[in-house]
Each structure stands twice: as C-alpha cells, then as structure tokens.
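K.L.:
Here's a sequence, model it:
(chains A and B)
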Amino acid sequence: MSFFVETLVGGLLAGVMYSLVAIGFVLVFKASGVFNFAQGSMVLCAALTFVTLRDKGLDFWLAALITLSVMVALGIAVERVVLRPLVNRPQITLFMATLGVSFVIEGVAQIVMGASVHELDLGIVDTPIEIGGVQVSQFDLAAAGTAGLLVIALSIFFNKTRVGIALRAIADDPQAALSIGIRLQTLWQIVWGVAGFVSLIAGLLWGARQGVQFALTLVVLKALPVLIIGGFTSIAGAIVGGLIVGAGDSLAEIYLGSLLGGSVSTWFAYVLAVAFLLVRPAGLFGEAPIERI
Amino acid sequence: MSAIGTDAIEGFSAADNTAQATRDRLRVGAAVLLLAALFGIPLVANDYWLNAVLIPFLIMSLTALGLNLLMGYAGQASLGTGGFMSVGAYATYNLLLRLPELPLPVSLLLGGIISGLVGIVAGLPSLRIKGFYLVASTLATQFLLEWLFNQYGWFSNYSTSSSISAPRLAIFGHDLSNPTGRYFLTLATVVVVTVVATRLVRSQTGRTWMAIRDMDTAAAVIGIPVSAGKLKAFFVSSLVIGIAGALWAFAYLGTVDARSFNLDRSFQVMFAIIIGGMGSISGNYLGAAFMILLPILLDHLGGGLFGGAVDAGQLENLQKALFGALIVWFLIKEPRGLAALLSRAWTQLTSRVDR
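P.N.:
Numbers count the residues shown, from 1 in each chain, chains lettered A, B, ... in the order given. Purely as a prediction, here's the structure:
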C-alpha cells in the first residue's frame, strides 16, 4: 500500500512539471488561438541560454535576468515576424508555422550554444524526505511549489491587472475587444513575452531534473495530453490535467506495464486523454464552442 | 476552395467555351508529357536519382494524397500518418510472408485495406471531438501503433533486430528488386491511386467530404450523413497511406522498421500537403517534391559551401534552422500552397496562348 501511495505521490509531483509546460501553451492559445508547438524548443532555448551563461561564470540572478530578457525578446519576435503576417489564416497553418519556428529555434540555439548535455544545478538538494511514511523527492516538491507560485501569480495577473483583464476580453471575443479600443497586437506581444517567461521557469526546472539536452523539447509531447484533459483555455485545467496525467502515467507504468510486458509511458497519457475527451469533448475546464449556422 | 468546383462553373458559360477547350487540351497535353517523362526517366536516370530522389518523392506524394483526402477534403486533421504507414508496411510484410501465393498487387491492396480498417477505429473519436483536440487524439493512434510494432515480435516475425529486411519483390515472375523495377512499381501504384482518388473526390463521396469540411454542423442539418462521411474519409485515407507505407518499406528502404514511421514522418506529410495545397490533388506532388528535394538541396549546398570548414553536427543544425525558416516564409507568402501558385502561372500562360 505504501508503495502505491509513493508511486501516486511521485506521479502527481511529476505531473506538476508537465503542467508547467502546458501553462505556456494555454496562455498563447487563450489570447491568440495559436497552438504553439514551439513551446518545447523555447523551454530548451531557455535552459541552454541559462546554462551557457552560468558556465561563463555569471552570477545566478544575473544569468536568470539575461535569460529572461532573451526569452521575452524571442517570444515577442516570434509574434512579430511569424504570427502577425499569418493573422486570419486557418489554425492548422498557424500550428505548422510554429513547428517551423521550433526547427529554427532548435537549430540556432544548438549552433550558438552547442549540442552537448549540460548539468544544471539550481542549488536544490535532491534527497528524498519522508512525510507520513512516504518517501518524497525534495526536488519535485520544490518544483511543485514553484508551479503553485506561478499559477497564483498568473491568476493575479489575469484577474486583477488592466492588461490581464484586456487579455481575457480578447480571449472572449477578439472583435468586441477591438471595437472597445483594446490594442490586440500589443497584448499579443505581452502574452508571448509571458510565455517566454513561463518557458524559462519550465526550462530551469526540467533542465535541472533531466540535464540540459535536446530531449528537453520532447516535454512538449508530454504536455499535450495534459492540455487535452484540462482544456486548451484553462490554466486551472492545465494543473488538474497535469496531476491526472502524472498520476495515471506512473501508476500505469507500474501496474499496466508489467501486465503488457513493456513500457507504456509513450502512449498511456494520450489514450487516457482520448478517454476523457469522449466524455468531455472540450476538456474538463475548456469551453465547448457554440456553433451557429 | 477546390479547383474542381471552379472548373465546373466555368464550363457553363458559353462565351468561355473555346478558351476552356484550349485550356483542356493544354492540360491533357501537359499530363501526357509528364507521364511520358516519368516513364522515360529510367532510360536516362542513374540509380542514385531513382533510389534517393524519385522513389521517395513518388511515395511521399502518395502519402500526401492519402492525408489530403482526410485533411484537405474532409477537414479532419490527423497526425497519425506515420502510424498508418507502419500498419500498411507490417500488414503487407506479414501477407507476403504468411500467404506467399498471393500476387504482390493483391498483398499491397490487402495491406492497405487493413490499414484502412485501423483508420476507421482511429477515426471514431472524430464523431465527437473536433479541431486540435482531434489532432491530439490522432497522436494517441500514432504512439500506440509505434509501441505495438516495437513491443510484439509477431509483427516482425520474431526478428532479432528491430528492422527486418523486406521479402523479394516480384510480380508474375518478373523480378522488381532492381531500382528500375521498384521505380515502376511505385509509379504504377501512384498513377492508379491518383486516378481513383481524382474520380472519388468528384463523386458524391467527395462532395459529402467537402460539405463536412466547410461546416459539419450545417452539413448535418441539410441531411448529409456526417458520421458515415467522416469514417469513410478515415478509411480511404488510411488505405492510401497504408499502401504508401508498404511501398516506403519495400520499394524505398528495403527494410520494415517502425522507427521510420515516427511522429516526424507524420509532420513531414502534413507539411507536404500544407505547402503543396490543401484540397488539391496536384498540390500533393508539389508539396512532396518540396519536402523531399529541399533537404537534399540543402545537403549538397551545405557540403559544397562549407565542406570540411564546419563540422557535420553544426551543418545539420544549420540545415534544420534554414529548413524551418523556409517553411515559415513559404506559409506566409503563399497561403494556398504551391498548387495555387502554379495554377495562377498556368492561367497567365494560357491566356497568353489564347490571344
């Protein structure tokens, strides 16, 4: 039983890490309807930049600050150069464009900063601690705490600030938002900037956990089922979806994997997500679109 | 949206008749010329061109055609292409292995049909979910199939290595294992499937698909069988993709390997149809040419310009970045794909001929 609980808790905490990437998706999708596949390469880019700066002997906070400005600039550049000319195109075209962007980011980031695996030390001790008889990774706890702080910060941003409320108006109805004088393009740039910031946090935590390497871009594939379960438009959904996927994934790996005789982690989350979709076609917290003829 | 629709309307106006006839003659002439060129190619092309350029180009066109039927005509986006290709490849492999008395074309078709049936199952969620949620659910198919073929040895006849060599290709006693033979096998399949697909999209089925694509709720209201149409699209599309997958394994790679049908392949095919032109038959060939030729071109260009000066890993990164940039540039510049670009050029050309 304690093994079960341990697996469950480990899974839930890993799930929070997925949520971190998923939140970046949700921000951009909500505000501009772009399904940003480049989020994974932005995570890689952030981690690579940070590690390279640290290797050059820069102070932790200075490196974080520079990386942050690089990521915000990158996010804004993507919006300005790629997505603005593509306004009003089919969503699938926008999606493919972000895929092209991810090739560019991955290629350039590795040319500039090298393709070797880097260690990233955030100064968090990774020794398991025991809480109520259950072994919990300290690092995962810290990551979950960071994710929690991020969500609180984003909710305050979205609900209390002028910019946040304008963003919600755009998500609700872009035409109406435009007609009352909300600057759509400025706000899109802001949201891409924020997405850059979120990918910095995700990049640091994932990079510390797995080492900074090309495989970091694959977290995008882990974040997709999280998004589907939670709904593309809900930050709370991204967290809940992450918890479900994380717990489901690690439990399935132990119990279903031994039954089928192999690792099931590549597909289980997706099948779980499809099962959720069949019951809730727009995700748990997504808004079902109203169709008019 | 589709070129077919505009043709039909143009045909009604009497004043346009002679111009239309000239255009038709030119179009037929161009098609004949193209076919002659394709059949004449083995006389002049060497093995490198056949193996590394023409065969993958033709198979990629076929795959793109399969996905275009589903995505461009029926409006159901899918990233399960690689998975369906692997179903076709493994099904055909097992048919050739376990039922050697069947002739090659029959095995190929049966392999395609098995892939089509898998496609129907994979398409079931489309009855309930739409848009990006559907895209993500087709990813479930992709990963599940990839895992299945790696996990269970029966599919690869308990081969010890993960890739298995393809059985000998022969048709009615003629050996097709040499590059020219494989080229003709691919070309013949592509021509047959293209003809059938062209007829299909102009039939009742094709019109049903387009109605679903343009707005499925409206289509359902006027009594179009939406569910049946969607599943039919998944079946036909996966069938064509399955055949293409079998050809990819047998006629191009010479091995059946689940890793060559991964998510990157699915993305590649989707790029091909978006760059070529969604909802267009000719767009598939143009898009496939773009996706197959551009990397080869970048390869040669890179090797020629910086051979030795830059190491291979850096060159690969550079190519990747350049490829991504070109794709983005292209998506921005030509929203309706190469097919629209070419048809504009064609109209200009014919209007000059008419004068």
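K.L.:
okay, CA-based contacts and neighbour counts for the rest of this
P.N.:
Fine.
K.L.:
how many neighbours does the closest residue to residue A:274 other than its chain neighbours have?
P.N.:
In space, and not counting its chain neighbours, residue A:274 is closest to residue B:137: 5.7 Å by C-alpha to C-alpha, 6 or more residues apart in numbering or on different chains. Using other C-alpha atoms under 10 Å in any protein chain shown, residue B:137 has 29 other residues around it.
K.L.:
so how far is residue A:221 from residue B:137?
P.N.:
Distance from residue B:137 to residue A:221, counting by C-alpha to C-alpha, to the nearest Å: 12 Å.
K.L.:
what does residue A:276 give?
P.N.:
Per C-alpha to C-alpha, residue A:276 is found 17 Å from residue A:221.
K.L.:
need the contact list for residue A:36.
P.N.:
A:25, A:28, A:29, A:95, A:98, A:99 (C-alpha atoms under 8 Å, 6 or more residues apart in numbering or on different chains).
K.L.:
now those as a markdown table including distance to residue A:284?
P.N.:
What follows is those, written out as a markdown table (distance: C-alpha to C-alpha, whole Å):
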| residue | distance to residue A:284 |
| --- | --- |
| A:25 | 16 |
| A:28 | 19 |
| A:29 | 16 |
| A:95 | 23 |
| A:98 | 26 |
| A:99 | 26 |
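K.L.:
among those, which ones are buried?
P.N.:
A:25, A:28, A:29, A:95, A:98, A:99 (16 or more other C-alpha atoms under 10 Å in any protein chain shown).
K.L.:
Now narrow these to whatever sits close to chain B.
P.N.:
residue A:99 (C-alpha under 8 Å from any C-alpha of the partner chain).
K.L.:
Can you tell me which residues in the stretch 1-150 of chain A are near chain B?
P.N.:
A:82, A:85-86, A:89, A:93, A:96-97, A:99-108, A:110-111.
K.L.:
Of these, grab the buried ones for ChimeraX.
P.N.:
A single ChimeraX command selects the buried members of the residues of the stretch 1-150 of chain A next to chain B (16+ other C-alpha under 10 Å):
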select /A:82,86,93,96,97,99,100,101,102,103,104,105,106,107,108,110,111
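K.L.:
Contact residues of the stretch 1-150 of chain B facing chain A?
P.N.:
By C-alpha under 8 Å from any C-alpha, the part of the stretch 1-150 of chain B that sits against chain A consists of B:125, B:128, B:129, B:130, B:133, B:136, B:137, B:139, B:140, B:143, B:144, B:147.
K.L.:
So which of those residues are in strands?
P.N.:
Taking DSSP state E, every one of those sits outside strands.
K.L.:
now the stretch 51-200 of chain A, which segments are flagged as low pLDDT?
P.N.:
A:126, A:132-133 (pLDDT under 70).
K.L.:
at 80 instead, please
P.N.:
Residues of the stretch 51-200 of chain A meeting the criterion pLDDT under 80: A:88, A:114-137, A:171-172, A:174.
K.L.:
can you give me the strands for it?
P.N.:
Here the stretch 51-200 of chain A has its strands, by DSSP state E, counting those that start in this stretch, at A:129-131, A:134-136.
K.L.:
Pick the most buried one from those strands.
P.N.:
Burial of the strands of the stretch 51-200 of chain A is given as mean neighbour count (mean count of other C-alpha atoms under 10 Å in any protein chain shown); strand A:134-136 ranks first at a mean of 18.
K.L.:
and residue 199, how many neighbours does it have?
P.N.:
All of this refers to chain A. Other residues near residue A:199 come to 31 when the count uses other C-alpha under 10 Å.
K.L.:
Can you look at chain B instead?
P.N.:
For residue B:199, the count of nearby residues is 12 (other C-alpha under 10 Å).
K.L.:
Report the secondary structure state of it.
P.N.:
Classification of residue B:199 by DSSP: H, G, I helix; E, B strand; the rest coil places it in helix.
K.L.:
Relative to residue B:242, how far out is residue B:81?
P.N.:
As judged by C-alpha to C-alpha, residue B:81 and residue B:242 stand 9 Å apart.
K.L.:
ok, the two, which is more surrounded?
P.N.:
Shown here are residue B:81 and residue B:242; by other C-alpha under 10 Å, residue B:242 has more neighbours (38 against 33).
K.L.:
Check which element follows the helix or strand containing that one along the chain.
P.N.:
Element membership of residue B:242, judged by DSSP states H and E, is helix B:226-247. Downstream of helix B:226-247, the first helix or strand assigned by DSSP H and E is strand B:255-256.
K.L.:
residues of the helix or strand following that following strand that come out buried?
P.N.:
For strand B:255-256, the following helix or strand on the C-terminal side (DSSP H and E) is helix B:263-276. For helix B:263-276, a neighbour-count test (16+ other C-alpha under 10 Å) marks B:263, B:265-276 as buried.
K.L.:
where's residue A:166 relative to residue A:27, distance?
P.N.:
Taking C-alpha to C-alpha, one finds residue A:166 at 13 Å from residue A:27.
K.L.:
Having no further points to raise, I will conclude here.
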